[in-house]
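A.B. asks: test case, fold it:
(chains A and B)
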There are 2 protein chains.
Amino acid sequence: MQVLKERIRQEGLILSDTVMKVDSFLNHQVDTELALAIGKEFSRVFGAGDQPITKVLTIEASGIQFAMATAIALGVPFIYAKKKKVITLAESVYTAPVHSFTRGEHYQISVSQKYLGAEDHVLIVDDFLATGAALVGLVDIVQESGASLAGVGCVIEKSFQEGRGLLEDKGVSVHSLARISSMSPGEVHFIEDNHYIQPIKESAAGC
Amino acid sequence: MQVLKERIRQEGLILSDTVMKVDSFLNHQVDTELALAIGKEFSRVFGAGDQPITKVLTIEASGIQFAMATAIALGVPFIYAKKKKVITLAESVYTAPVHSFTRGEHYQISVSQKYLGAEDHVLIVDDFLATGAALVGLVDIVQESGASLAGVGCVIEKSFQEGRGLLEDKGVSVHSLARISSMSPGEVHFIEDNHYIQPIKESAAGC
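C.D. replies: Predicted coordinates:
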């Protein structure tokens, strides 16, 4: 997604070989016009399948704006999984353990069983794909619920980390709008997928 | 906002005199159509002033969908304050301490100084107004930044708690879309503001 990559080049603040801040337009201050365009792009990529998507799923907090934008484009509700450090199963929830490498902590994510079931066809959306820890947890929750999975859409992928491989090993279709092959302070390199070579062809599906 | 109150009557799960769950349509699973209508209503109420709103401000996580909807309606960016339990001032941030009565914990909210300044006219939006703790923190941050405040818009207000009073004591204009005067399991009563008596008049401003 060219407009996103331009924005990352202009405003992404690269602190090290693995840490980039995009909080001026994606995950602290949010450019709603760009977020809506991101949602439309996920809808275009994943929404063309035979089975209509019924729910968009993400995880609080920074996935919410992109799940919302995608849900608006698809005309469906979205769900955000809750993060909890303490295991409390007061009600019927699907849960998955997540280990955050960046924060060095374990937590649990949960989704109420009321809102996800075998009748659903789910698209998972998040801001970053890096180690894949949280996204693998969301995939596990979708599988536990009996719902089918349309795929995983990520805004920014750090392709030099293992997240995509972990998801693809589970048979999940992954599509990221900006795939970073390497970065260092002042410099960022993208994997130029066929999807992004102009003009964009609708036939270039999957990842 | 009639459609919201109907939805609360139909789907709000009242667990006690003070606790209501609205997670089927507002803050776990989200009805995007309703969220967009909520954003339009906040835009209508607060967007008509002499000074154009430049930013919408909320707090992660469950304020994000309503800040986004409002920011879409107003055509401006939104910012979500981060919650942190540990005080880390690695960069220049505005901060405010918050005491959560529901969770019995202290935390700190922060907004980067890069995204809020004296040139801004800010609308604060959140899902619930109850004790007002987090919202008072957001108001403090806006004041610290030198920005002017258009007001505070809340989706649901528990009018029997002290939040509105605390905000009004600070001179803040508060507008809530559904004001609950009392509730108990199976029963909810709303304060029927003039705003909500049909037909709605554009001239009924403020709170």
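
A.B. asks: enumerate the residues of chain A near chain B.
C.D. replies: A:23-25, A:28-32, A:35-36, A:55, A:60-62, A:64-65, A:68-69, A:71-72, A:75-80, A:82, A:111-112, A:114-115 (C-beta under 8 Å from any C-beta of the partner chain). No exception for glycine: its C-beta is placed from N, CA and C like everyone else's.

A.B. asks: just the buried ones from the residues you listed?
C.D. replies: A:23-25, A:28-32, A:35-36, A:55, A:60-62, A:64-65, A:68-69, A:71-72, A:76-80, A:82, A:111-112, A:115 (16 or more other C-beta atoms under 10 Å in any protein chain shown).

A.B. asks: so which of these are in helices?
C.D. replies: Applying DSSP state H to these, the entries found in helices are A:32, A:35-36, A:64-65, A:68-69, A:71-72.

A.B. asks: CSV for these, including pLDDT and distance to A:Ile180?
C.D. replies: As requested, these are exported to CSV (pLDDT from 0 to 100; distance: C-beta to C-beta, whole Å):
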residue, pLDDT, distance to A:Ile180
A:Thr32, 98, 24
A:Ala35, 98, 19
A:Leu36, 98, 23
A:Ile64, 98, 22
A:Gln65, 98, 20
A:Met68, 98, 24
A:Ala69, 98, 21
A:Ala71, 98, 26
A:Ile72, 98, 27
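
A.B. asks: what's the closest of these to B:Pro185?
C.D. replies: Closest approach to B:Pro185 among these (C-beta to C-beta): A:Ile64, at 29.5 Å.

A.B. asks: need the contact list for the most centrally placed residue in chain A.
C.D. replies: Nearest residue to the geometric centre of chain A (C-alpha atoms, centre = their mean): A:Asp126, 2.3 Å. A:Asp126 makes contacts with A:58-59, A:62-63, A:66, A:134-135, A:138, A:152-155, as judged by C-beta atoms under 8 Å, 6 or more residues apart in numbering or on different chains.

A.B. asks: just the closest of the residues you listed to B:Ser173, please.
C.D. replies: A:Ser62 (29.6 Å).

A.B. asks: distance of the closest one from A:His28?
C.D. replies: 8 Å (C-beta to C-beta, to the nearest Å).

A.B. asks: and what of A:Ala150?
C.D. replies: 29 Å.

A.B. asks: which non-adjacent residue is nearest A:Tyr115?
C.D. replies: B:Gln29 (4.3 Å; C-beta to C-beta, 6 or more residues apart in numbering or on different chains).

A.B. asks: how about A:Met20, phi and psi?
C.D. replies: phi -130, psi 130 (degrees, to the nearest 10).

A.B. asks: ok so, going back, nearest to B:Glu11 among the contacts of A:Asp126?
C.D. replies: Using C-beta to C-beta, the contacts of A:Asp126 come closest to B:Glu11 at A:Thr58, 21.2 Å.

A.B. asks: mind checking the SS state of the closest one?
C.D. replies: strand (DSSP: H, G, I helix; E, B strand; the rest coil).

A.B. asks: my guess is it contacts A:Lys82, does it?
C.D. replies: No. At 11.2 Å, A:Thr58 does not count as touching A:Lys82 under the criterion of C-beta atoms under 8 Å.

A.B. asks: give me the below-cutoff pLDDT ranges for chain A.
C.D. replies: A:85-90, A:193-207 (pLDDT under 70).

A.B. asks: now with 80?
C.D. replies: Residue ranges of chain A with pLDDT under 80: A:85-91, A:101-103, A:193-207.

A.B. asks: would you map the strands across chain A?
C.D. replies: A:13-14, A:20-21, A:29-30, A:55-59, A:78-84, A:93-100, A:105-112, A:121-129, A:148-158, A:174-184, A:187-190 (DSSP state E).
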